[in-house]
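Asker: heads up, no residue letters with this:
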């Protein structure tokens with residue numbers, strides 16, 4: 001089985017400012033995010049990763065590099081475009097409270113009914129599209145590395161959507177459990193016939 005170590009990037013300036021932090025915006029990690037990420041690195045220090053994958057966004061790459069700096073035998077980091085966060089189109093980078101006020105119904109659907117959220121209204125990407133591309137990464141990686149340990153650094157909505165889908169949660173309900181925290185670790189044993197979570201959204 002492939003063992004995936006999924007990490008959400010450390011807290012960023014955009015997170016701290018209460019803005020949408022989607023697939024078309026980026027900002028540096030704040031000191032709190034750096035320190036929390038280093039703690040994950042310390043926890044994973046002796047894990048012999050065969051592969052390390054990251055979203056192309058700098059907040060994810062920075063998080064991955066901080067973790068690998070702590071590792072005893074770090075692999076090279078591979079950038080994977082399909083690990084990019086959900087593209088929220090016109091909402092990306094905007095203050096969440098302002099979008100909620102301007103588009104109350106679509107904001108409610110975005111948060112509560114992912115299956116009914118019409119991302120095209122805002123030139124964005126649907127949850128279904130996000131799940132398709134992120135699941136493709138997982139399945140191709142598992143096929144290529146069937147008995148290896150894989151570090152994957154990505155984003156809150158992507159991980160929430162992908163991991164809940166793997167648990168069998170329907171699209172309409174994937175947001176009910178919330179998003180894993182910044183600098184959190186989820187560990188999954190995965191094969192075609194088995195999907196076992198050893199850890200979910202743990203912070204250190």
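Answerer: Looks like it came in fine. Since this is a predicted model, take the numbers as computed values, not measurements.
Asker: least trustworthy helix or strand in the protein by mean pLDDT?
Answerer: helix 13-16 (a mean of 93; mean pLDDT, DSSP states H and E).
Asker: I'd like the next helix or strand past it.
Answerer: As assigned by DSSP states H and E, the chain's next helix or strand after helix 13-16 is helix 31-43.
Asker: what separates that following helix from the chain centre, distance-wise?
Answerer: Computed by CA atoms, centre = their mean, to the nearest Å, the chain-centroid distance of helix 31-43 equals 16 Å.
Asker: do the same with stretch 146-161
Answerer: 7 Å.
Asker: ok, stretch 158-167 next?
Answerer: 9 Å.
Asker: the least confident helix or strand of the chain packs against which elements?
Answerer: Contacting helix 13-16 under the criterion 3 or more CB pairs under 8 Å, 6 or more residues apart in numbering; DSSP states H and E is no other helix or strand. The way it works is simple: take the backbone N, C-alpha and C, and place the C-beta from them, glycine included.
Asker: pull the residues that contact it.
Answerer: Contacts to helix 13-16, defined as CB atoms under 8 Å, 6 or more residues apart in numbering, come from residues 20-21, 25-28, 30, 33, 93, 182.
Asker: rebuild the residues you listed as TSV, extending it with distance to residue 50.
Answerer: Output for the contacts of helix 13-16, formatted as TSV (distance: CB to CB, whole Å):
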residue	distance to residue 50
20	34
21	30
25	32
26	28
27	31
28	29
30	31
33	26
93	36
182	26
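Asker: can you pull out the helices in the protein?
Answerer: 13-16, 31-43, 58-70, 96-102, 104-112, 127-144, 156-166 (DSSP state H).
Asker: any idea of the mean pLDDT for the fourth one?
Answerer: This points to helix 96-102. In this model, helix 96-102 has an average pLDDT of 96.
Asker: that helix: which residues count as buried?
Answerer: Residues residue 99 are the ones in helix 96-102 that count as buried (16 or more other CB atoms under 10 Å).
Asker: how about stretch 190-204?
Answerer: Applying 16+ other CB under 10 Å to stretch 190-204 flags 190, 197, 201 as buried.
Asker: who wins for most neighbours among the contacts of helix 13-16?
Answerer: residue 21 (28 neighbours; other CB atoms under 10 Å).
Asker: spatially nearest residue to it (excluding sequence neighbours)?
Answerer: residue 14 (4.5 Å; CB to CB, 6 or more residues apart in numbering).
Asker: distance of the one you found from residue 49?
Answerer: Distance, residue 14 to residue 49, using CB to CB, to the nearest Å: 28 Å.
Asker: now stretch 123-131, how far from the chain's geometric center?
Answerer: So, by CA atoms, centre = their mean, the centroid of stretch 123-131 is 14 Å from its chain's centroid.
Asker: how about stretch 58-73?
Answerer: 15 Å.
Asker: in this structure, which residue is most central in space?
Answerer: The centre of the chain sits closest to residue 155, judged by CA atoms, centre = their mean, with a distance of 2.6 Å.
Asker: good, we can wrap up now.
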